[in-house]
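**Student:** give me a model of this one.
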Amino acid sequence: METGARPSRARRLTSFAADRARRAAGADRWLAALLGAEPGVALVAVGGYGRRELLPGSDLDVLLLHTGRPGIAALADRVWYPIWDSGTRLDHAVRRPAEAREVARQDVRVALGLLHARHVAGDRGLTSDLRTGVLADWRSGARTRLAELQVLHEERAARSGDLAFLLEPDLKEARGGLRDAESIYAVAAAWVAPGPGPRARAAQEAILDARHALHEVTGRASDRLVLQEQDEVARVLGLADADALLCHLAWAGRTIAYSLDQSLRQAQRSRGTGARGAGGAGRLRGGRARSGPQRRPLADGLVEQDREVVLARSAEPTADPVLVLRAAAAAAAAGLPLAPRTLARLKECPPLPVPWPAAARDALAMLLGTGQAAIAVWEALDQEEMLPGLIPDWERVRNRPQRNPLHTFTVDRHLVETAARAAALARDVARPDLLLFAALLHDIGKGWPGDHRVTGEVVTRDTARRMGLPDADTELVASAVRHHLLLPHTATRRDLDDPQTAAQVAGTVGSRPLLELLHALAIADGQATGPAAWNDWKAGLVAGLVRRVEAVLGGHPPPAPLPLRPGQVALAEAGQPAAMVTGPEVTVVAPDRPGLLWQAAGVLASHRLAVRSANATSHGAMAVTSFTVAHPYGEPPDAALVTSELRRVLAGELNVADRLRRQGMPGAPARAAGRPWLAPPKVTLIDDASRTATVVEVRAHDAPGLLWRIGRALGECGLDVRAARVETLGAEAVDVFYVAGADGRPVTDAPTRGKIAAQVLSALTG
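**Tutor:** Purely as a prediction, here's the structure:
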């Protein structure tokens, strides 16, 4: 988290805190001078100004209290106008103390600001009376107030996401941000939970410093840390780069979120409103929950008490190295959190022996096998820094950001989420324990340089041996980590009907046990990555590949390609160019001719359809091309219009390039359109992916009409495009084309292959 920090970092951060305090003190002196010696009034700082957290872009949040004196409006103008004239942003109110308390009783946001009310100038007694009254109101109405506080917390989280897992986090509003840090103090003000501990206070300061630096860098009151500002903010904070900054903020955000969950949970217990569950804070709304038994045995040395998992009186942490994992598994299985005191005592457990005893492996498998319930318990172990003692390489991926927009989580959280998803697939594999271990470790190699699949295999093998897995199981888990992307990459980038595809995967996998692990792991990994990374289309492709590989491994013929449906046959037998739309599938038929696939793709692109895959077959003299498409607005294309335009294109009456250009989809790519920072496209001809075609893989920045541009370039090389696969990874596209020369065979001539690569690159770079 601190890797790459400059020597002056501590000094620089100290200056941030001092600068905030100086700004608040300067504002105090200015306001006091503007008010002057006026009786019966007081200027009160509230909110961030009240906490002396005055950043370069912060508002002055000020309340003018009075006792009903005449001329208060003129006095207020005398104070406010110089502030406005200076360009300083001002959030102000003028109220009697009773009015201020009443507004706070009606609006929890106002109450939260007044909890930090601080006297600035004027009658100190007015400020003192207000503070005393607001705190008394907050405590007497704690049940309602804290329920409202939790609603605000949940609304912010739903709106702004988790600070720890966002590539462009809102430092104030996101879960784990500054609003949540303030909420910890608010819970403590109700006298139902302690205030933030040293780690939570340090995390709050870390986010404040980042927001302070962001204000300095942008010159404005910014809360969202956008990508283009991150390197400079990192430099100002003395961190190595943007990744180090996001890692630092992920630690801070998770610390605050965890601390707030603990505070709200303790508040529930204190007021008898708890709701069972390990997923965080539970509910403060809705009255008293059904009480459970006072002490209920859960596992050896562990009991339930007050809706938490605590150590039994007979437990001896200092003599029981397996107790940490046993406690975590018991908590997740019961859907309960580990009590803070229990977590502290679990740190007394001695390290697990190497190799682990079978009881430790069983406890880890039990913990992960609880699925979603394991996530909160694992987070508690992480917050208490117990995980490196279990998996030494965990520290390398802890809070590590992932710059791929498909990923929802940091690397470490993604691993736990994948294991949780894998738990739902446990009955689909012969060894669910190995599936869970592979899921937990599949991206562990991202903590090391190089291909994370290769490094992950090495780390996983070491970790599995440390865990005491037998050699055969160790190799199976390590192989699953090494090849965890094999199925989804192959399914989305290769022609499944080409026998070579299944044969190559079968040669790599070698056995049914590994194949079933890889299938389940692909599903869990995709689901845990994010909604854009896994869908029914990809799931169907992976399942189809698995069926073909199973046939090869079993010595059976591969499944035959699906026959044309009756509607497709009828369309082809009509003998005219036509199109048919069936859900996300567009079938195009036309007399077989070179270039048909890319010409049809151009027509679909002109309808703003994103093509995911294309497969061509034949029925007599007619080519039948099936496109899987997605429309950005969810609307299917008009089949009659597609048919009409297809006929015009084939007759040379419609220029697709002109139409795409008019629609704002020029043939020239992004680099030529003024974005030179994008990585250049890459074209690779793959020799061993098919025996009947040459496979051309193109990696480029995704853009509308990309498939058409590449297909046209291949057509200009005299190639027949038989099939295409399109995969979009965030902003990057991986397009794969199966092509054959004029003789219907793969292209082996070196000069021709070089021309193909050059022609496609030219089409992409303009």
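
**Student:** residue 91 in helix, strand or coil?
**Tutor:** Here residue 91 is strand, with the state taken from DSSP: H, G, I helix; E, B strand; the rest coil.

**Student:** pretty sure it is touching residue 60, no?
**Tutor:** Yes. Residue 91 lies in contact with residue 60 (CB atoms under 8 Å); the separation is 7.0 Å. Where you see a C-beta, it was placed from the backbone N, CA and C, and this is true even at glycine.

**Student:** and the two? Which one has more around it.
**Tutor:** A direct count of neighbours by other CB atoms under 10 Å for residue 91 and residue 60 places residue 60 higher, at 23 against 14.

**Student:** how about the contacts made by the more buried one?
**Tutor:** Each residue near residue 60 by CB atoms under 8 Å, 6 or more residues apart in numbering is listed here: 27, 31, 45, 49, 54, 83, 88-92.

**Student:** cutoff 7 Å now
**Tutor:** When the contact criterion is CB atoms under 7 Å, 6 or more residues apart in numbering, the partners of residue 60 are 27, 49, 83, 88-91.

**Student:** tell me what it is bridged to.
**Tutor:** residue 90 (DSSP bridges).

**Student:** looking at it now. What's its pLDDT?
**Tutor:** Listed pLDDT for residue 60 reads 94.

**Student:** separation between it and residue 537?
**Tutor:** For residue 60, the distance to residue 537 equals 54 Å [CB to CB, to the nearest Å].

**Student:** next: residue 395.
**Tutor:** From residue 395 across to residue 537, the span is 37 Å (CB to CB).

**Student:** if we can go back for a sec, closest to residue 448 out of the contacts of residue 60?
**Tutor:** Sorting the contacts of residue 60 by distance to residue 448 puts residue 49 at the head of the list, at 46.1 Å, by CB to CB.

**Student:** element containing that closest one?
**Tutor:** Counting by DSSP states H and E, the element that carries residue 49 is helix 47-50.

**Student:** check which residues of that helix are buried.
**Tutor:** Residues 47-50 are the ones in helix 47-50 that count as buried (16 or more other CB atoms under 10 Å).

**Student:** what does that helix contact?
**Tutor:** Outside of helix 47-50, the residues that reach it under the criterion CB under 7 Å, 6+ apart are 24, 27, 54, 58, 60-61, 113, 116-118.

**Student:** so which of those are in helices?
**Tutor:** When the contacts of helix 47-50 are checked against helices using DSSP state H, the ones located there are 24, 27, 113.

**Student:** in those, which residue is surrounded by the most others?
**Tutor:** residue 113 (24 neighbours).

**Student:** tell me what the helix or strand containing residue 259 is packed against?
**Tutor:** Assigned by DSSP H and E, residue 259 falls within helix 242-271. Contact here means 3 or more CB pairs under 7 Å, 6 or more residues apart in numbering; DSSP states H and E; on that basis helix 242-271 packs against helix 142-160, helix 178-189, helix 198-218, helix 227-237, helix 373-383.

**Student:** right, and the ones you listed - which one's nearest residue 717?
**Tutor:** When the helices and strands packed on helix 242-271 are compared by CB to CB, helix 227-237 sits nearest residue 717, at 37.9 Å.

**Student:** buried residues in that closest one?
**Tutor:** Neighbour counts using 16+ other CB under 10 Å place 229-237 of helix 227-237 among the buried residues.

**Student:** re the thing from before, can you put the contacts of helix 47-50 in JSON lines and add distance to residue 637?
**Tutor:** Listed next are these as JSON lines, based on distance: CB to CB, whole Å:
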{"residue": "24", "distance to residue 637": "61"}
{"residue": "27", "distance to residue 637": "61"}
{"residue": "54", "distance to residue 637": "56"}
{"residue": "58", "distance to residue 637": "52"}
{"residue": "60", "distance to residue 637": "56"}
{"residue": "61", "distance to residue 637": "54"}
{"residue": "113", "distance to residue 637": "54"}
{"residue": "116", "distance to residue 637": "58"}
{"residue": "117", "distance to residue 637": "61"}
{"residue": "118", "distance to residue 637": "63"}
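
**Student:** which of the residues you listed sits closest to residue 322?
**Tutor:** When these are compared for distance to residue 322 (CB to CB), residue 116 wins out at 45.9 Å.

**Student:** the closest one touches residue 45, doesn't it?
**Tutor:** No. With contact defined as CB atoms under 7 Å, residue 116 does not count as touching residue 45 (8.1 Å).

**Student:** more neighbours: which of these two?
**Tutor:** Between residue 116 and residue 45, counted using other CB under 10 Å, the more crowded position is residue 45 (26 against 22).

**Student:** just the pLDDT for the more buried one.
**Tutor:** Among the per-residue scores, residue 45 shows a pLDDT of 96.

**Student:** could you do residue 217 as well?
**Tutor:** Among the per-residue scores, residue 217 shows a pLDDT of 94.

**Student:** so who does it touch?
**Tutor:** Going by CB under 7 Å, 6+ apart, residue 217 touches 229, 232-233, 236.

**Student:** spatially speaking, which residue is in the middle of this protein?
**Tutor:** Taking CA atoms, centre = their mean as the criterion, residue 408 is the residue nearest the geometric centre of the chain, at 1.3 Å.

**Student:** what residue ranges in the stretch 501-650 of the chain score low on pLDDT?
**Tutor:** Along the stretch 501-650 of the chain, segments meeting pLDDT under 70 span 632-634.

**Student:** just the stretch 201-350 of the chain next, same as before
**Tutor:** Counting by pLDDT under 70, the stretch 201-350 of the chain has low-confidence residues at 271-293.

**Student:** let's go with 80 and repeat that
**Tutor:** Confidence mapping of the stretch 201-350 of the chain against pLDDT under 80 gives the ranges 270-294.

**Student:** would you mind measuring from the closest residue to residue 233 other than its chain neighbours to residue 497?
**Tutor:** Nearest residue to residue 233 in three dimensions, chain neighbours excluded: residue 213, at 4.8 Å (CB to CB, 6 or more residues apart in numbering). When distances are taken as CB to CB, residue 213 and residue 497 turn out to be 55 Å apart.

**Student:** next one: residue 711
**Tutor:** Distance from residue 711 to residue 497, by CB to CB: 19 Å.

**Student:** so those two - more neighbours on which side?
**Tutor:** For residue 711 and residue 497, the more surrounded residue by other CB under 10 Å is residue 711, and the numbers stand at 29 against 18.

**Student:** correct me, but that one touches residue 599?
**Tutor:** No. Contact between residue 711 and residue 599 fails when scored by CB under 7 Å: they sit 8.0 Å apart.

**Student:** host element of residue 541?
**Tutor:** Secondary structure from DSSP H and E places residue 541 in helix 536-553.

**Student:** quick one: list the elements packing against that helix.
**Tutor:** Helix 536-553 packs on helix 486-493, helix 499-509, helix 512-529, going by 3+ CB pairs under 7 Å, 6+ apart.
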